[in-house]
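Q: Turn this into a structure:
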Amino acid sequence: MSRPRKAEDPIRWPVPCARCGQHHQIVVRWPDGGICGYCYQQAKRTRGTCACGHEGVLPGLVDSQPTCRRCSGIRLNVDCLMCGAEEELHSGGRCWTCVLSSVVDDLLT
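A: Alright, predicted model coming up:
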């Protein structure tokens, strides 16, 4: 579950987000424009099937439809270093499943 959005601040952040149109800090520039932190997190967590048939993370938007990294031209690291799965990464370049597995292994040894 994501945190509620803070009130937008057009004085501090005069350029609106290309996705939501609100005035929050721009954290990344993608082909569709500057993306705020809220939309960036949402994009990393969007999963499904792209029009090209790719199943996994769909961070891009083309014609208001979610698209994969290749179709949208977005460079985003979502590949787990431990298992290779395409997931949101937690720490050390690892997905939540691998992080939890490591914690359990450490506790049981």
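
Q: tell me the contacts of the spatially most central residue of the chain?
A: In the chain, the C-alpha closest to the average C-alpha coordinate belongs to K44, at a distance of 1.6 Å (C-alpha atoms, centre = their mean). Shown in contact with K44 (C-beta atoms under 8 Å, 6 or more residues apart in numbering): 57, 59, 76, 78, 88. Every C-beta, even on glycine, is put in place using the N, C-alpha and C of the backbone.

Q: Closest to W96 out of those residues?
A: Nearest to W96, judged by C-beta to C-beta, of the contacts of K44 is E88 at 7.4 Å.

Q: any idea how far G93 is from the residue lying closest to that closest one once chain neighbours are set aside?
A: In space, E88 comes closest to K44 once its chain neighbours are excluded; the distance is 5.1 Å by C-beta to C-beta, 6 or more residues apart in numbering. With the distance defined as C-beta to C-beta, to the nearest Å, K44 ends up 14 Å from G93.

Q: Then R5?
A: In this structure, R5 and G93 are 28 Å apart, going by C-beta to C-beta.

Q: re earlier: is it true that the residue nearest to E88 lies in a helix?
A: Yes: when classified by DSSP: H, G, I helix; E, B strand; the rest coil, K44 is found to be part of a helix.

Q: going forward, begin numbering at 9 instead of 1
A: I'll keep to 9 as the first residue from here, and by that count the last item is K52.

Q: Could I get the pLDDT score of C60?
A: What the model reports as pLDDT for C60 is 95.

Q: Repeat that for T117.
A: For T117, the model assigns a pLDDT of 87.

Q: Kindly report the same for M9.
A: The predicted local distance difference test score for M9 is 60.

Q: Likewise for V107?
A: According to the model's per-residue confidence, V107 sits at a pLDDT of 96.

Q: Could you list which residues are in contact with it?
A: Under the criterion of C-beta under 8 Å, 6+ apart, the contact partners of V107 comprise 98-100.

Q: Going along the chain, name the helices of this structure.
A: Counting by DSSP state H, the chain forms helices over residues 45-53, 77-80, 104-116, given from the N-terminal end onward.

Q: Going by neighbour count, which residues in the second one are buried?
A: Read it as helix 77-80. Neighbour counts using 16 or more other C-beta atoms under 10 Å place 77, 79-80 of helix 77-80 among the buried residues.
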